[in-house]
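>>> would you be able to build a 3D model of this:
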Amino acid sequence: MILNERDLREARNSVAVLDAALSSERALEPMVKGLPPEVVVQVARAMKAERTELAEVIGAYESAKDGGDHRPLQKRAGTDPGLTMIVARIAKGMSQRDLAWRLGIKEQQVQRYEADRYRTISLKNYERVATLLGVNLRAEISEIRELRGLDLVIDDVSKEDIRKILKHGQENGWFSESADKEELRRFIAENRIAFGSPSLLRTGLNVKDHSEDILLHAWRARVTNRALETIDTSKPRFIPLDVTWLPDLARQSVFADGPKRARDILLEHGIVLVAERQIAGLAIDGAAFLVDGIPVIGVTLRRDALDNFWFTLLHEIAHAILHYRTGLAVGFFDQTEAESLDDQEAEADAFASNILIPEERWRRSAARIAQSPDVIERFAAEIGVHPAIVFGRIRKERNDYSLFSQKIGLGQVRNILIAGAKGR
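Below is the predicted model of the structure:
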């Protein structure tokens with residue numbers, strides 16, 4: 001959302017940059033240098049979607065500010081009470097200074113209110129501001145599951161699942177040894193109320209509704225909480241469609257601590273990577289979703305192997321870059337073992353494959369049909385990635401997972417990304 005003139009200037013500058021980049025192949029080249037042609041096509045498509053979105057965002061702000069029509073901007077604010085207050089101020093043509101004068105407080109106080117979306121304001125003062133801005137406050141008891149109270153959010157969950165989550169959480173540092181069902185209820189419910197329900201689990205050829213999967217809720221809550229800690233301390237800034245760093249990311253795979261290097265690079269570019277073990281029975285490899293506007297990637301490392309890690313990582317990065325405006329807010333929760341017929345999953349698969357092993361190089365390589373590990377390892381060295389990535393692709397393409405089973409980097413990720421994971 002655009003909520004002030006600074007945001008408006010940044011959005012207009014972004015539109016100008018995108019217009020220039022999309023004007024010709026030569027203009028686009030600096031932004032996609034080093035990327036395979038197939039990925040360039042995907043990025044250009046995402047740039048067009050971003051350009052359209054920014055135009056709509058700018059239009060919504062200008063309609064409120066210049067025309068007093070709050071509806072387009074309010075639609076983007078949804079039911080957030082803090083954002084609704086800011087939208088109302090803009091639509092009434094008030095500056096922060098104007099609002100402060102009418103309230104009899106300093107302008108800096110209004111700035112603080114809006115900076116944290118009115119989260120820390122007292123109810124009494126909220127009512128005062130709301131009355132001045134013409135915002136209706138309404139309290140009602142709701143039957144909506146997410147809003148029916150913390151005590152009922154996991155009411156229908158089996159005792160077995162509750163025991164399973166508590167045991168996993170205690171063993172992996174989520175909870176103290178004394179944690180009970182009430183602590184688990186708060187842990188899941190607070191996350192669900194703040195961020196909604198994980199809805200789609202993409203499993204091979206199927207896209208299933210898992211909005212009531214309590215294991216997925218618990219795992220997502222844990223990843224979210226850890227991501228928030230990183231966001232609070234590191235203050236990452238994500239710039240959609242800044243992809244100049246992608247070729248360098250894939251090259252980190254050749255290092256023994258490549259997964260850690262990848263995590264650091266992602267954070268530098270505004271993406272938070274969290275490695276968190278799955279709960280038994282929750283068979284997912286990775287996830288991508290938004291936390292306070294920052295893309296968060298969660299990986300379970302249920303298959304502790306380099307080939308699986310790098311493909312899963314790039315698959316989720318694809319969601320963050322290609323689908324930032326078209327699904328990341330809802331989130332992607334993935335199993336990456338099988339081909340998917342879902343369009344966005346297929347796009348993410350193609351993106352990951354091409355970043356790791358450019359299709360143009362792969363089609364011309366003898367490694368595709370090689371039986372000798374030496375040929376495959378030489379090809380990996382030529383394109384600058386870890387051999388495990390190439391061996392993993394061969395196993396998948398040939399549909400023979402007995403091949404090169406000692407070449408895919410088994411046991412080389414978990415102990416790097418998950419503290420205390422070794423030997424567990």
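>>> so where's the stretch 51-200 of the chain uncertain?
139-155, 193-200 (pLDDT under 70).
>>> which parts of it are helices?
71-77, 81-91, 96-103, 107-115, 123-133, 159-171, 181-195 (DSSP state H, counting those that start in this stretch).
>>> deepest of the ones you listed, which one?
helix 81-91 (a mean of 21; mean count of other Cβ atoms under 10 Å). C-beta: built from backbone N, CA, C; applies to glycine.
>>> nearest residue to residue 113 in space, please, no chain neighbours.
Excluding its sequence neighbours, the residue lying closest to residue 113 (Cβ to Cβ, 6 or more residues apart in numbering) is residue 121, at 5.6 Å.
>>> give me the number of residues near the one you found?
Around residue 121 there are 19 other residues, counting by other Cβ atoms under 10 Å.
>>> isn't it up against residue 129?
Yes: contact status for residue 121 versus residue 129: in contact at 7.4 Å, counting by Cβ atoms under 8 Å.
>>> find the residues that touch each one of those two.
Shared contacts of residue 121 and residue 129 (Cβ atoms under 8 Å, 6 or more residues apart in numbering): residue 113.
>>> give me the distance between the residue nearest to residue 113 and residue 128.
Look at residue 121 and residue 128: by Cβ to Cβ, to the nearest Å, they are 9 Å apart.
>>> ok, now residue 167?
48 Å.
>>> what's the answer for residue 108, then?
17 Å.
>>> equivalent analysis for residue 191, please.
Residue 191 is 31 Å from residue 128, by Cβ to Cβ.
>>> ok, residue 398 next?
69 Å.
>>> do I have it right that residue 325 meets residue 53?
Yes: look at residue 325 against residue 53 with Cβ under 8 Å: they come within range, at 4.8 Å.
>>> which residues touch the closest residue to residue 238 other than its chain neighbours?
In space, and not counting its chain neighbours, residue 238 is closest to residue 270: 3.0 Å by Cβ to Cβ, 6+ apart. Going by Cβ under 8 Å, 6+ apart, residue 270 touches 236, 237, 238, 239, 294, 295.
>>> just to be sure, residue 270 is in a strand?
No: assessed with DSSP: H, G, I helix; E, B strand; the rest coil, residue 270 is coil; it does not lie in a strand.
>>> next one: it from residue 321, what distance?
Residue 270 is 11 Å from residue 321, where distance means Cβ to Cβ.
>>> need the overlap of contacts for the two.
With the criterion set as Cβ under 8 Å, 6+ apart, the contacts of residue 270 and residue 321 do not overlap.
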